[in-house]
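In: here are the coordinates; sequence isn't available:
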């Protein structure tokens, strides 16, 4: 639900005069990190005791001249509507927008076994050819025996594991009978 509402604000922000999506995404991502990682700020923004206008000021004042009029207006509107907690969603949507514009996406490879840079490059090339985009992958240690590749903003998830092959084999045999 929040992403649907945040999508409207994101479209409005991108539709403003002199919109700079990359700058907005960077600022809102930093602000999102500050909100999520600072328990005092998070508590203040969720508190019903603090009026909405004051909550917006808590965010705007420390930012100073970093914010342009579009971002200042966005934060004021989010404050008026008690929707300041949508900032992380808006930052995420702006990131997705920038990736789509550049046709360059990032993803992760999960595996119990360490994957070297050469194998990551091969996976990037294969997925890039399949999706006709530029893909960059990073390795993260996972718990599964196989390999799982996830590129969220592109909608790609590939899973190679012994368990999955076994399930598919059992399913195939069941259908054959």
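Out: All right, it came through fine. Everything quoted here is computed from the prediction, not taken from an experiment.

In: What's the local residue count around residue 10?
Out: Using other Cβ atoms under 10 Å, residue 10 has 25 neighbouring residues. (Glycine included, C-beta is placed from N, CA and C.)

In: That one contacts residue 88, doesn't it?
Out: No: with contact defined as Cβ atoms under 8 Å, residue 10 does not reach residue 88; the gap is 11.9 Å.

In: what sits against residue 6?
Out: Residues counted as contacts of residue 6 (Cβ atoms under 8 Å, 6 or more residues apart in numbering) are 86, 89, 90, 92, 93.

In: which one among these gets closest to residue 66?
Out: Minimum distance to residue 66 across the contacts of residue 6 is 16.1 Å, recorded for residue 90 (Cβ to Cβ).

In: so which helix or strand takes in the closest one?
Out: Taking DSSP states H and E as the definition, residue 90 sits inside helix 87-102.

In: Run the chain-centre distance for that helix.
Out: Computed by Cα atoms, centre = their mean, to the nearest Å, the chain-centroid distance of helix 87-102 equals 7 Å.

In: For it, which outside residues touch it?
Out: 2-3, 5-7, 9-10, 13-14, 21-22, 24-25, 28-29, 31-32, 35-36, 74-75, 78, 105-106, 134, 153.

In: in its sheet, what does the very next helix or strand once past that helix sit against?
Out: Sequence-wise, the next helix or strand downstream of helix 87-102 (DSSP H and E) is strand 104-111. Strand 104-111 has the following strand partners under DSSP bridges: strand 134-141 (parallel), strand 147-151 (antiparallel).

In: domain parsing for the chain?
Out: 2-98, 104-176 (automatic domain parsing).

In: Quote the end-to-end distance of the last one.
Out: This means domain 104-176. End-to-end span of domain 104-176 (Cα to Cα, to the nearest Å): 42 Å.
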